[in-house]
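> give me a 3D structure for the following:
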Amino acid sequence: MFLKKITLLKDDIPQVNSYPFSIPAIKGLRELELTNKVTFFIGENGSGKSTLLEAVADKCGFHTAGGGKNNYYDVHSSHSDLGDYIRLSWMPKITNGFFLRAESFYHFATLQDELEKDPFTRTNYRAYGGKSLLQQSHGESFLSLFQHRFNGQAIYLLDEPEAALSPQRQLTFIRILHDLVEYEDCQFIIATHSPILLGYPNASILNFDGGTIAEIQYEQTDNYRLTKYFLQHREKMLNELLRDD
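Numbers count the residues shown, from 1 in each chain. Okay, the predicted model is just below:
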């Protein structure tokens, strides 16, 4: 464990009713304790999970469109307003890590290709399995990142990594996650909708729905319950969903 606590500096916020401070889960936040090497953020779209994850990335010095501390490229609206008003408590403080943002990963992959054109920054894609991320499928490029660039004593912030991963590749990622946590001393905070990833054993699951951020058990999550019910009652659910009233 490296990052222990996230604190919202409420007294410093100029307009508490403006976005993103108006998001119920963010508005109700004071201190968020992190007690596990793997923490999942879950909640409906707009619940604030990605907003808080981006703010943590910003405070860590990672590029908020995706990348580490030394990745510099211009992407519109990559500044985190929330990042200016949180404090991170570390023990010990580390600087190694990465922020993965599925929706803007293309920009990061393009940056790596540009760096490979310069003889002073060329690495022959050593951190990505020896091949351009843009010459791999979306899912393959994600796994290349996880397998080759991620390493020990670091914090990794992942925003919906399942977006590019098939169910089988999600299981592969769980194995990679396990090895990095158990043998490489890594910490992960992952915003996800995936009931497969949420099944990672002994992880903390923090739910952003309901106006607060609260820990929840795997079987209590909507991600698990809705998926399970659909698989068991597919025809019934689809008939109800698609019927003409």
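> packing partners of the lowest-mean-pLDDT helix or strand in the chain?
Lowest on mean pLDDT, DSSP states H and E among the helices and strands of the chain sits helix 105-116, with a mean of 72. Other elements packing on helix 105-116 under the criterion 3 or more Cβ pairs under 8 Å, 6 or more residues apart in numbering; DSSP states H and E are helix 138-144. The way it works is simple: take the backbone N, C-alpha and C, and place the C-beta from them, glycine included.
> the helix it packs on: which residues count as buried?
Neighbour counts over helix 138-144 (16 or more other Cβ atoms under 10 Å) mark 139-144 as buried.
> and if you look at stretch 216-231?
For stretch 216-231, by 16+ other Cβ under 10 Å, it's 216, 218, 221, 223-224, 227.
> swap in stretch 105-122?
105, 107-109, 111-112.
> any chance of those residues in JSON lines, plus distance to Val181?
Shown next, in JSON lines, are the buried residues of stretch 105-122 (distance: Cβ to Cβ, whole Å):
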{"residue": "Phe105", "distance to Val181": "22"}
{"residue": "His107", "distance to Val181": "28"}
{"residue": "Phe108", "distance to Val181": "23"}
{"residue": "Ala109", "distance to Val181": "25"}
{"residue": "Leu111", "distance to Val181": "27"}
{"residue": "Gln112", "distance to Val181": "25"}
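> what about the nearest residue to Val38 once chain neighbours are set aside, neighbour count?
Nearest non-adjacent residue to Val38, counting by Cβ to Cβ, 6 or more residues apart in numbering: Ala203, 4.1 Å away. Ala203 has 19 neighbouring residues, counting by other Cβ atoms under 10 Å.
> Ile176 too?
Neighbour count for Ile176, taken as other Cβ under 10 Å: 13.
> pretty sure it sits in a helix.
Yes: when classified by DSSP: H, G, I helix; E, B strand; the rest coil, Ile176 is found to be part of a helix.
> I'd say it and Leu143 touch.
Yes: judged on Cβ atoms under 8 Å, Ile176 makes contact with Leu143 at a distance of 7.4 Å.
> which ones are touching the closest residue in space to Ala154 that isn't next to it in sequence?
Spatial nearest neighbour of Ala154, chain neighbours left out: Asn96 (4.0 Å); criterion: Cβ to Cβ, 6+ apart. Contact analysis of Asn96 by Cβ atoms under 8 Å, 6 or more residues apart in numbering lists 68, 151, 153-155.
> now, of the residues you listed, which are buried?
Buried subset of the contacts of Asn96 (neighbour count, 16+ other Cβ under 10 Å): 68, 154-155.
> reformat those as JSON lines; add pLDDT and secondary structure.
Formatted as JSON lines, those follow (pLDDT from 0 to 100; DSSP: H, G, I helix; E, B strand; the rest coil):
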{"residue": "Gly68", "pLDDT": "78", "secondary structure": "coil"}
{"residue": "Ala154", "pLDDT": "96", "secondary structure": "coil"}
{"residue": "Ile155", "pLDDT": "97", "secondary structure": "strand"}
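> so what's Glu114 up against?
Neighbour list for Glu114: empty [criterion: Cβ under 8 Å, 6+ apart].
> then Leu197?
Leu197 makes contacts with 40, 161-162, 170, 173-174, 190, as judged by Cβ under 8 Å, 6+ apart.
> tell me the buried residues within those residues.
Among the contacts of Leu197, the ones that count as buried by 16+ other Cβ under 10 Å are 40, 161-162, 170, 173, 190.
> check which helix or strand covers the closest residue to Glu33 other than its chain neighbours.
Nearest non-adjacent residue to Glu33, counting by Cβ to Cβ, 6+ apart: Lys5, 5.5 Å away. Under the criterion of DSSP states H and E, Lys5 resides in strand 3-8.
> now that strand: buried residues?
So for strand 3-8, counting by 16+ other Cβ under 10 Å, buried means 3, 6, 8.
> closest one of the buried ones among the contacts of Asn96 to Ala55?
Ile155 (14.0 Å; Cβ to Cβ).
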